[in-house]
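1. after the sequence you'll find the predicted model.
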Amino acid sequence: MSERVDLGAVFDEHVANEFVAKDVDATMRNMTDEPYVWHVPPLTGGHGGEAVRRFYSSQFIGHTPADANLHPIARTVSPDRVIDEFVLEFTHDSELPWMLPGVAPTGRRVRIPTAVVMGFEGDRVAYEHIYWDQASVLVQIGLLDRDDLPVSGGEQADRLLDLASGEERR
């Protein structure tokens with residue numbers, strides 16, 4: 001009988017390589033030869049080993065604000081997939097080509113609920129689908145006026161964190 005791989009631990013190592021170590025080679029080592037990464041709202045990422053490496057090198061790793069912080073909400077693990085829900089919080093103090101391509105830094109704080117679906121082949125990352133509400137990000141950095149739109153800003157992150165902790169605000 002084969003020993004089951006702790007996909008949650010592989011997920012955590014992958015994210016630590018991206019956000020903490022900021023090491024493209026380490027990040028790529030726990031991926032399949034032909035992975036893909038897809039940031040759904042801005043249509044950024046890459047498909048295939050070289051394209052993913054290029055994306056990580058030129059747009060993602062090292063292009064995340066130093067104060068970026070992940071606040072975990074929930075994790076679901078299946079035999080071939082990990083789904084993480086969290087709030088990503090940061091100051092928009094540098095260009096973020098993976099999230100806001102071509103948008104100059106605004107210096108504003110962003111708090112955005114985010115979901116990552118990470119698929120595996122054995123113990124290696126085969127793909128990542130990353131989702132967030134881009135309209136909320138644009139409201140928070142001042143590029144979208146929500147007065148006439150059904151759009152929220154950072155309060156969506158506050159509500160989610162409150163609900164997850166059992167302390168709903170009224």
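-> Looks like it arrived, so ask away.

2. in this protein, where is pLDDT below threshold?
-> Scanning the chain with the threshold set as pLDDT under 70 gives 1-2, 167-170.

3. how about the strands in it?
-> 31-39, 44-47, 69-78, 81-91, 109-121, 124-132 (DSSP state E).

4. columns mean neighbour count and distance to Leu7 on top of these, output as TSV?
-> The way it works is simple: take the backbone N, C-alpha and C, and place the C-beta from them, glycine included. TSV is the format used below for those (neighbours: other C-beta atoms under 10 Å; distance: least, C-beta to C-beta, whole Å):
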stretch	mean neighbour count	distance to Leu7
strand 31-39	18	13
strand 44-47	18	21
strand 69-78	13	6
strand 81-91	19	5
strand 109-121	19	6
strand 124-132	19	9
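
5. got those strands as a markdown table, with distance to Ser165 columns?
-> Output for these, formatted as a markdown table (distance: least, C-beta to C-beta, whole Å):
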| stretch | distance to Ser165 |
| --- | --- |
| strand 31-39 | 27 |
| strand 44-47 | 31 |
| strand 69-78 | 9 |
| strand 81-91 | 11 |
| strand 109-121 | 14 |
| strand 124-132 | 20 |
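
6. for Gln59, find the nearest of these.
-> strand 44-47 (6.3 Å; C-beta to C-beta).

7. tell me the strands beside the closest one, with direction?
-> strand 31-39 (antiparallel) (DSSP bridges).

8. show me the contact partners of the strand it pairs with.
-> Contacts to strand 31-39, defined as C-beta atoms under 8 Å, 6 or more residues apart in numbering, come from residues 14, 45-49, 51-52, 55-56, 60, 98-99, 121, 124-130.

9. could you count how many residues lie near the closest residue to Pro101 other than its chain neighbours?
-> Nearest residue to Pro101, sequence neighbours excluded (C-beta to C-beta, 6 or more residues apart in numbering): Pro42, at 6.0 Å. By the criterion of other C-beta atoms under 10 Å, Pro42 has 18 neighbours.

10. give me every residue that touches the nearest residue to Val37 once chain neighbours are set aside.
-> The shortest distance from Val37 to any non-neighbouring residue, by C-beta to C-beta, 6+ apart, is to Gly45 (4.2 Å). Residues in contact with Gly45 (C-beta under 8 Å, 6+ apart) are 36-39, 52, 55, 98, 128.
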